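Enquirer: Have a look at this prediction, sequence included:
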Amino acid sequence: MQQLRVGIDLTGIWRRPTGIFRYTAETAKHLLLLPETDLALLYVLFFAREIHPDFVPFQQSFETVICPTRYELLSKQCWFPYILPRLHLDVMHYPAFPPPYLQLGSLRTVMTFYDTGPWRYPQAQTLHGRLYFRALLSHGIRNCASAVTLSKHAKSEIGYFLGNHYLPKISIAPGAGRPEFGQVVSESRKQQVRADHHLPDSYFLSVSTIEPRKNLPTLFEAYTLLKQQLGQDCPALVVVGRKGWNCEDILRYMSALQEHVLFLDHISDQDLIAIYQMATCFVFPSLYEGFGLPIVEAMTAGCPVITTTSSSLPEVAGDAALLVDPLNAGEMVCAMQRVLQDADLQQRMVAAGRAQAARFSWEETARLYRDVYLTIAASRNS
């Protein structure tokens, strides 16, 4: 049987599994689980320093290449161009960060292009980050054999900022919520998580990196207004997420609300599932997303969702969420109050959310990527 050797860069997934790293890991795992095709695919997985623990159970299903460093700039721009010509790959996929600027030989690449944030919201990145990602993303889309993004909106944005002539090479493969998020957590386990993290009986939840693009100040403004209206009857606000860049002002804002806002940084996946399931409502106020994975996770967990009308978020949320102007704190207050005070609305949103989340599947996402690899192989042999 003819064999196709596909490399997948997993050197970034040693980081906390949020956003692109969650998407990268889940896609790779489900690729390994897909049934074989007529053209056998052999996956060559690249890890930083050691095989990631999530992949140890599958290590008989792939070849392993270990990168000696976790430093992204050094590994991507120096180590990959050095090692790849020795591995005789047919396709190389970069699912987290853009491909190296220098690539020797005729190796055909696939890149996952999450969003055009460096162009659409340049003020939400450092100057260095903006220039670095603009250069690498532009170079990557120009030279790759195929690109994949996560939503129709993200694809249209790539065409708008980098040129519509790239659109024929771009496929769409959305993210998904893991089934574990929908498995009901026992009451005893919930109470243990509540005690471990000092969670109140009732709370609004937001899961987000602490950085400007996530628009948390508008959520804090809305929450302050709601607190003024409801007084002691207002639930707390719980924010789960790591600290990102330029977050000092946001953290100071949070500190001023510390009696009513609880910030949780390092949370295990098991605890996060329980935290989703215990929340009164999930609020995702982001200004710009290529997809918005936390929305699907919350819906899978049975938590009503409020999100914004910006970027891909209406596409992901469908009719299952309440949508608000991301910069209108008053709209956000009204939505939060509606969910809080209308039990029937909560139940309808939970049911609609689960149905919407069921439209997304990691197995289907993996199958879409495999189709991309096979199409590249067919075009090369034709």
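Expert: Noted; the coordinates are in hand. Residues are numbered from 1 along each chain as shown.

Enquirer: how about the nearest residue to Ala352, chain neighbours excluded?
Expert: Ala320 (3.8 Å; CB to CB, 6 or more residues apart in numbering). Just so you know, the C-beta spots here come from the backbone N, C-alpha and C atoms, and that holds for glycine as well.

Enquirer: contacting residues around the one you found?
Expert: Going by CB atoms under 8 Å, 6 or more residues apart in numbering, Ala320 touches 299, 305, 349, 352-353, 355-356.

Enquirer: could you dump those to JSON lines with distance to Val56, pLDDT and secondary structure?
Expert: Converted to JSON lines, these look like this (distance: CB to CB, whole Å; pLDDT from 0 to 100; DSSP: H, G, I helix; E, B strand; the rest coil):
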{"residue": "Met299", "distance to Val56": "30", "pLDDT": "97", "secondary structure": "helix"}
{"residue": "Val305", "distance to Val56": "34", "pLDDT": "98", "secondary structure": "strand"}
{"residue": "Met349", "distance to Val56": "38", "pLDDT": "97", "secondary structure": "helix"}
{"residue": "Ala352", "distance to Val56": "38", "pLDDT": "97", "secondary structure": "helix"}
{"residue": "Gly353", "distance to Val56": "33", "pLDDT": "97", "secondary structure": "helix"}
{"residue": "Ala355", "distance to Val56": "35", "pLDDT": "97", "secondary structure": "helix"}
{"residue": "Gln356", "distance to Val56": "33", "pLDDT": "97", "secondary structure": "helix"}
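
Enquirer: Quick check: the farthest pair among those?
Expert: Maximum pairwise distance in the contacts of Ala320, criterion CB to CB, is 12.6 Å, between Val305 and Ala355.

Enquirer: one step back: most neighbours of all the contacts of Ala320, which one?
Expert: Neighbour counts for those, by other CB atoms under 10 Å, peak at Met299, which reaches 32 neighbours.

Enquirer: I'd say that one and Ala351 touch.
Expert: No. Counting by CB atoms under 8 Å, Met299 does not reach Ala351; the two are 10.1 Å apart.

Enquirer: returning to that earlier point: out of the contacts of Ala320, the closest to Ser311 would be?
Expert: In terms of CB to CB, no member of the contacts of Ala320 lies closer to Ser311 than Val305, at 15.5 Å.

Enquirer: Nearest residue to that closest one in space, ignoring adjacent ones along the chain?
Expert: Ala321 (4.0 Å).

Enquirer: who's in contact with that neighbour?
Expert: Neighbouring residues of Ala321 by CB under 8 Å, 6+ apart: 295, 299, 304-307, 349, 353.

Enquirer: Ala176 and Ala358 touch, don't they?
Expert: No. Using CB under 8 Å, Ala176 makes no contact with Ala358, being 9.4 Å away.

Enquirer: what about the chain, any weak spots by pLDDT?
Expert: The chain contains residues with pLDDT under 70 at 1-2, 38, 104-105, 243-248, 251, 253-258, 380-382.

Enquirer: Going along the chain, name the strands of the stretch 201-350 of the chain.
Expert: Secondary structure of the stretch 201-350 of the chain, counting by DSSP state E, counting those that start in this stretch: strands at 203-207, 236-240, 261-264, 281-284, 305-308, 322-324.

Enquirer: Let me see the contact set for the nearest residue to Ser286 once chain neighbours are set aside.
Expert: Distances taken as CB to CB, 6+ apart place Lys214 nearest to Ser286, at 5.2 Å, with adjacent residues excluded. By CB under 8 Å, 6+ apart, the contact set of Lys214 is 208, 241, 244, 285-287.

Enquirer: what about burial for those, which qualify?
Expert: 208, 241, 285-287 (16 or more other CB atoms under 10 Å).

Enquirer: Nearest residue to Leu199 in space, please, no chain neighbours.
Expert: Of all residues not flanking Leu199 in the chain, Val238 sits nearest, at 6.6 Å (CB to CB, 6+ apart).
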